[in-house]
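S.K.: take this sequence and fold it.
(2 chains)
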Amino acid sequence: MAVTDQQRLSYIASQAADARLAVELQTEEMTLNLGPQHPATHGTLRIVAKLDGEQVVKADVICGYMHRGYEKLTEVRTYPQINTLINRIDWLSSFANEVPFILAAEDLMEIEAPPRAQWIRTLLFELSRIANITLFIGEMGVQLGAITPVFFAFRDREYVLNLIEEATGGRFHPNFDRIGGLKDDLPKGWIAETKQAMDRIRGYCDELENLLMGNEIFEARTRGVGVIPADVGLSYGLSGANIRASGVDWDLRRDAPSPLAWKELDWKVWTHPDGDSFARYWVRLQETREATKMVDQLLDGLPSGPIQAKVPRIIKVPAGEAWAHTENPLGEMGYYVVSQGGLGPFRVKIRSASFHNISIVPWLLKGVYVPDIITILSSLYFILGDIDR
Amino acid sequence: MSSADPAGGGTGSTTATEDRQQALLEDLTTRLGDAVVGSHIRSSDLWVRVRPDAWLRAARECKAMGFEYFCYLSGIDWLPHTWPNPKVIEGVLPDADDEAALPVDENAVEEVEVEEPAAGGGIVTGYAGGDTRFQVLARLYSTIRHIGVTLKADLDDVTPSIDSWTSEFPGADWCERETWEMYGFDFAGHPNLIKLYLPGEFEGFPMRKDFPLLAREVKPWPGLVDVEQFPASYKSDD
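M.R.: Numbering: from 1, shown residues only, chains lettered A, B, ... in the order given. Okay, the predicted model is just below:
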């Protein structure tokens, strides 16, 4: 019997239906592109996530949209000129970027800034930390759907930025640290203003603690999300509050020899055993509070004296290699400076915290659900300039 | 924990740190044997140069010794660089050119005196010495002992290649990708050696000293002299 056209057509139709059914039952991998422009990326970071349903199977981080080649540029600049460049690495706490580089240069030149300069450095360093982390504390809320905290953050960060501007002349890029000391002394009336501002910041911390920490939605979205075990975090080079939130009691301000004044203050290193997004938020909030206490102590104990050691007018750094690192708001920041004697360095390796903090993201995002990507990214807290340099 | 750290501050602590670094160096030397070819201790850091074939073993041994924190990994090109250009600074700065090519001071290099490789003359390497133009360097740190070590290894001038650390420290992944694209070092055993920062079609290795920074060739700003003349009426404060 010959096969009629109708039979053939129905056969094809049934084959097609089977095929469609098979397609529908098999979950197809979907690629989700996040960024480069996305509010959670603080700049231009791109994340390409392969999804199986709601779960991330594989996540790739693509960076470099803002790579400015600072390591190459440092090779064609003199030491004071580099100071201007490195202000732009972590732009929310620019002064903190300058300090380790200046310390490395001072180490090679074997000069040390006078005590008053070291105390003012510490003071501005901690103010930068407050300016940086207050923004995080507010912004983490906005990433999770709470709009109010970010307004509070911008409102109260302004007081700190005003203080930095009054003392240095620059709100974001102070360029105030010099080899052997500081550009200038503190202005009149600044100390009283700073004390007031610190009260305000402590009030802000309390406010945010009431707003977010007890909030059911916030806890549900952060507790147990993005857990980093301590050993994994360390092998990925995580530092700062991110690793302290995994229970590693390590803070370079306390644990590394430094000419800055941290050793003379009474303060505490906060850690949290959980290692999740909530722990990272909690540790940063405590650190902000701790920083305000440190600023108060620094203001009370500020020694008198000169703010600049004797340095030659034209700065030439003798040959050698130096490594200087400090506990910046985002984590460990260090400069490996190689000098062959001259006006500029031979090679500068910039070890920035966010680069290493973000390198764990492909590992961390494996298996999480889509909304948690945002939670994890914002809880790791990075600045794009600090990744791309 | 409070800030009261008995080891902090003062000149006494520096020597204590150096003693600890000396002990660490001896420990490393016993573990790695003749793979350690150079070392240096200065103020707050310890440099150890290992044989390139022992690079991965050094990482493994360091990890076993408690250096669990991966700080960074990068490269260095020791080819002399031409900036600050003596011609630019001549006449502007007093006695600038006599120190322009200042060699590393005598106590800096302990073990190996530098010999000139085929790629180019005048190479002066840094602490812990070096025989070749390229070096890979990495730093590990112990968050419990609060001490760090900077490891170095020589690489071949023509085909720089070395073992990847990604099996020991996953954080080395991105660092090796960056070093690969910036210096052209090959990391054997790296699972995913693709460009990190640079666009895919980029050619050349920008961090090598012979890669010209074209912006500075065209206009030597920001240099040591002002390229544009001040108006005749301008009076400097100096």
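
S.K.: next, residue B:71: phi, psi?
M.R.: phi -90, psi -60 (degrees, to the nearest 10).

S.K.: give me the beta-bridge partners of the closest residue in space to it that isn't next to it in sequence?
M.R.: Using CB to CB, 6 or more residues apart in numbering or on different chains and skipping the chain neighbours, the partner closest in space to residue B:71 is residue B:139 (3.9 Å). C-beta here means a position set from N, CA and C on the backbone, and glycine is covered the same way. Beta-bridge partners for residue B:139, by DSSP bridges, are residue B:72, residue B:150.

S.K.: thought residue B:139 was touching residue B:152?
M.R.: No. Counting by CB atoms under 8 Å, residue B:139 does not reach residue B:152; the two are 10.0 Å apart.

S.K.: picking up where we left off before, which ones are touching the residue nearest to residue B:71?
M.R.: A:323, A:336, A:351, B:71-73, B:148-151 (CB atoms under 8 Å, 6 or more residues apart in numbering or on different chains).

S.K.: would you map the helices across the stretch 1-150 of chain A?
M.R.: A:5-25, A:70-73, A:79-86, A:94-109, A:115-143, A:148-168 (DSSP state H, counting those that start in this stretch).

S.K.: helix or strand: which one has residue B:199?
M.R.: Counting by DSSP states H and E, residue B:199 is held by no secondary-structure element, helix or strand.

S.K.: run a quick neighbour tally on it.
M.R.: Other residues within reach of residue B:199, judged by other CB atoms under 10 Å in any protein chain shown, total 8.

S.K.: what's near enough to touch it?
M.R.: residue A:64.

S.K.: give me the secondary structure label for residue A:322.
M.R.: Three-state call for residue A:322 (DSSP: H, G, I helix; E, B strand; the rest coil): strand.

S.K.: okay, and the beta partners of it?
M.R.: According to DSSP bridges, beta-bridge pairing links residue A:322 with residue A:337.

S.K.: correct me if wrong: it contacts residue A:100.
M.R.: No. If you go by CB under 8 Å, residue A:322 and residue A:100 don't touch, sitting 10.1 Å apart.

S.K.: residue ranges of the helices in the stretch 151-300 of chain A, please?
M.R.: Applying DSSP H, counting those that start in this stretch to the stretch 151-300 of chain A gives helices spanning A:190-208, A:216-222, A:230-235, A:241-244, A:252-255, A:277-300.

S.K.: so which of those helices gets nearest residue A:68?
M.R.: Closest approach to residue A:68 among the helices of the stretch 151-300 of chain A (CB to CB): helix A:241-244, 24.2 Å.

S.K.: contacts (any at all) between chain B and stretch A:108-116?
M.R.: No. Using CB under 8 Å from any CB of the partner chain, stretch A:108-116 never reaches chain B; the gap is at least 8.9 Å.

S.K.: residues in contact with that stretch?
M.R.: Counting by CB under 8 Å, 6+ apart, residues outside stretch A:108-116 touching it are A:106, A:121, A:179-182, A:185, A:259, A:261, A:302-311, A:315, A:317-318, A:320, A:322, A:337, A:339.

S.K.: hmm, try it at 6 Å
M.R.: A:180-181, A:259, A:303, A:305-307, A:309, A:317, A:320, A:322, A:339 (CB atoms under 6 Å, 6 or more residues apart in numbering or on different chains).

S.K.: okay, now the residue in the stretch 251-389 of chain A that chain B sits nearest to: neighbour count?
M.R.: Closest to chain B within the stretch 251-389 of chain A is residue A:341: 3.1 Å, counting by CB to the nearest CB. Neighbourhood size, residue A:341 [other CB under 10 Å]: 19.

S.K.: can you name the residues of the stretch 101-250 of chain A sitting close to chain B?
M.R.: Applying CB under 6 Å from any CB of the partner chain, we find that the stretch 101-250 of chain A lies next to chain B at A:234-237, A:248, A:250.

S.K.: need the residues you listed in a markdown table with neighbour count, can you?
M.R.: Shown next, in a markdown table, are these (neighbours: other CB atoms under 10 Å in any protein chain shown):
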| residue | neighbour count |
| --- | --- |
| A:234 | 24 |
| A:235 | 19 |
| A:236 | 27 |
| A:237 | 30 |
| A:248 | 21 |
| A:250 | 23 |
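
S.K.: I'd like the contacts of residue B:139 as JSON lines, with neighbour count and distance to residue A:270 appended.
M.R.: JSON lines is the format used below for the contacts of residue B:139 (neighbours: other CB atoms under 10 Å in any protein chain shown; distance: CB to CB, whole Å):
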{"residue": "A:323", "neighbour count": "25", "distance to residue A:270": "26"}
{"residue": "A:336", "neighbour count": "24", "distance to residue A:270": "29"}
{"residue": "A:351", "neighbour count": "24", "distance to residue A:270": "23"}
{"residue": "B:71", "neighbour count": "24", "distance to residue A:270": "22"}
{"residue": "B:72", "neighbour count": "26", "distance to residue A:270": "25"}
{"residue": "B:73", "neighbour count": "27", "distance to residue A:270": "30"}
{"residue": "B:148", "neighbour count": "22", "distance to residue A:270": "23"}
{"residue": "B:149", "neighbour count": "23", "distance to residue A:270": "28"}
{"residue": "B:150", "neighbour count": "22", "distance to residue A:270": "30"}
{"residue": "B:151", "neighbour count": "25", "distance to residue A:270": "32"}
